[in-house]
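Whatever this is, show me its structure:
(one chain, ligands or ions: 2)
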Amino acid sequence: MSASSASEKLVDNFGREVTYVRISVTDRCDFRCVYCMSEDMTFVPRARILTLEELARIATAFVQLGVEKIRITGGEPLVRCNVVKLMADIANLDGLRELTLTTNGSQLTRMAGGLRAAGVRRLNISLDSLDPDLFRRITRTGKLAHVLQGIDAACAAGFDKIKINAVILKNRNHEEVLPLVEFAGSRGMDITFIEEMPLGAIEDHDRAEAYYSSDEIRRDIQTRYTLVPTTERTGGPARYCRVLETGTRIGFISPHSHNFCATCNRVRLTAEGRLLLCLGQEHSIDLRQVVRSHPGDIETLKEAIRQSMSIKPRGHDFNLTEKPIIFRHMNATGG
Ligand code: SAM
Ligand code: SF4
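Ligands and ions are numbered 1, 2, ... in the order given. Sure, this is the predicted structure:
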């Protein structure tokens with residue numbers, strides 16, 4: 001069977017249709033961003049990570065169930081061996097409208113062309129600072145020059161759209177907001193600013209103290225640019241404005257100041273095969289167990305996914321002042 005029939009939609013108990021899956025292909029990463037990981041991380045042993053074949057089978061099941069958009073993420077997805085082959089297999093699934101990738105950009109110089117050829121049309125690249133020292137402090141191991149070269153390579157590879165993502169922390173990189181807007185705007189790229197989410201324990205900073213709201217970011221941008229509100233949505237949690245001077249868009253993902261759960265259309269698959277029904281809750285089912293105990297049986301896999309809709313929670317309960325109630329870090333979440 002190929003594309004889904006009307007009866008195959010994934011609809012949860014709150015009437016929300018799930019059409020978007022974010023698939024984490026690894027929890028490993030060449031960076032150690034201070035808001036995402038602790039410095040000393042233990043990664044999942046390889047035997048517990050889904051194989052590329054298992055990942056492709058699960059993606060196929062989702063597309064047969066009406067999922068139209070898949071984002072490959074991690075960890076850093078481009079450090080997973082043969083990930084481009086997986087992406088080509090997923091891009092060819094009948095019924096999939098869009099395959100996208102979120103990356104830290106470190107591997108794009110060598111991989112951008114292959115990703116475009118594999119069928120990836122849009123990229124999100126994370127970039128929190130244009131200052132090499134500050135970039136190193138935030139990522140702990142990252143080299144800004146590699147990422148900037150990667151962004152240039154991605155521009156040359158001809159993706160339909162490249163968007164920048166930046167997490168902004170007060171007194172760490174909030175002064176980077178304007179340079180980042182200028183960087184993205186001058187290249188015709190949209191940029192999304194993300195409020196830090198309390199996923200996993202980190203030792204670098206107190207998340208409540210480092211909170212810098214979307215409203216503060218917007219105020220900073222308006223000191224130099226004219227923001228025109230727009231009702232445009234891309235089906236995700238971001239709210240957008242257009243920058244009059246550049247014609248590009250700025251998105252705000254504001255889990256604290258503007259909750260976006262009512263229109264949630266997505267689920268996440270961790271690299272271990274746990275299907276997370278909500279970014280900010282622990283409700284999940286174990287799809288690795290399903291694929292490994294029923295090899296080749298896509299109908300059983302689809303039935304497990306259908307059943308999971310009944311436990312998708314209404315929304316997250318993020319609270320910056322309490323200890324994290326979610327112990328998994330963003331790299332293990334498929335952010
Ligand atoms: N490694 C890739 C990257 O950095 O783009 C993909 C995975 S990363 C987990 C996906 C996105 O999540 C990045 O844009 C990153 O900045 C964001 N992120 C990580 N930890 C976060 C947190 N605690 N709160 C908000 N966003 C976070
Ligand atoms: Fe790696 Fe992305 Fe997490 Fe940074 S945000 S540590 S690049 S997974």
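
my guess is residue 306 is in a helix, correct?
Yes: counting by DSSP: H, G, I helix; E, B strand; the rest coil, residue 306 is part of a helix.

That one - how many residues pack around it?
When neighbours are defined as other Cβ atoms under 10 Å, residue 306 has 15 of them. To be clear about C-beta, it is placed using only N, CA and C from the backbone, and glycine gets the same treatment.

ok, it touching residue 62?
No: in this structure residue 306 lies outside contact range of residue 62 using Cβ atoms under 8 Å: 10.8 Å.

Contact residues of the stretch 1-150 of the chain facing ligand 2?
29, 31, 32, 33, 36, 37, 74, 75, 76, 104, 126 (Cβ under 6 Å from any ligand atom).

Let me know whether stretch 210-221 sits next to ligand 1.
No: using Cβ under 6 Å from any ligand atom, we find that stretch 210-221 stays clear of ligand 1, coming within 10.5 Å at best.

Equivalent analysis for stretch 79-89, please.
No: applying Cβ under 6 Å from any ligand atom, one finds stretch 79-89 separated from ligand 1 by no less than 8.9 Å.

Buried ones in that stretch, by neighbour count?
By neighbour count with 16 or more other Cβ atoms under 10 Å, stretch 79-89 contains the buried residues 79, 80, 83, 84, 86, 87, 88, 89.

residues in contact with it?
25-26, 28-30, 52, 55-56, 59, 72, 74, 77, 99, 101, 107, 111, 114-115, 117-120 (Cβ atoms under 8 Å, 6 or more residues apart in numbering).

And the residue of the stretch 51-200 of the chain closest to ligand 2?
Of all residues in the stretch 51-200 of the chain, the one sitting closest to ligand 2 is residue 104 (3.6 Å; Cβ to the nearest ligand atom).

what's around that residue, how many residues?
Counted with other Cβ under 10 Å, residues neighbouring residue 104 total 27.

picking up where we left off before, now, which of the contacts of stretch 79-89 lie close to ligand 1?
Checked against ligand 1 using Cβ under 6 Å from any ligand atom, these yield the following neighbours: 29, 74.

Give me the buried entries from the contacts of stretch 79-89.
Buried among the contacts of stretch 79-89 by 16+ other Cβ under 10 Å: 25-26, 28-30, 52, 55-56, 59, 72, 74, 77, 99, 101, 107, 111, 114-115, 118-120.

Out of those residues, list just those in helices.
52, 55, 56, 59, 111, 114, 115, 118 (DSSP state H).

Just put those residues in a markdown table and tack on distance to residue 171 and pLDDT.
Formatted as a markdown table, those follow (distance: Cβ to Cβ, whole Å; pLDDT from 0 to 100):
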| residue | distance to residue 171 | pLDDT |
| --- | --- | --- |
| 52 | 42 | 98 |
| 55 | 39 | 98 |
| 56 | 44 | 98 |
| 59 | 41 | 98 |
| 111 | 34 | 98 |
| 114 | 39 | 98 |
| 115 | 35 | 98 |
| 118 | 40 | 97 |
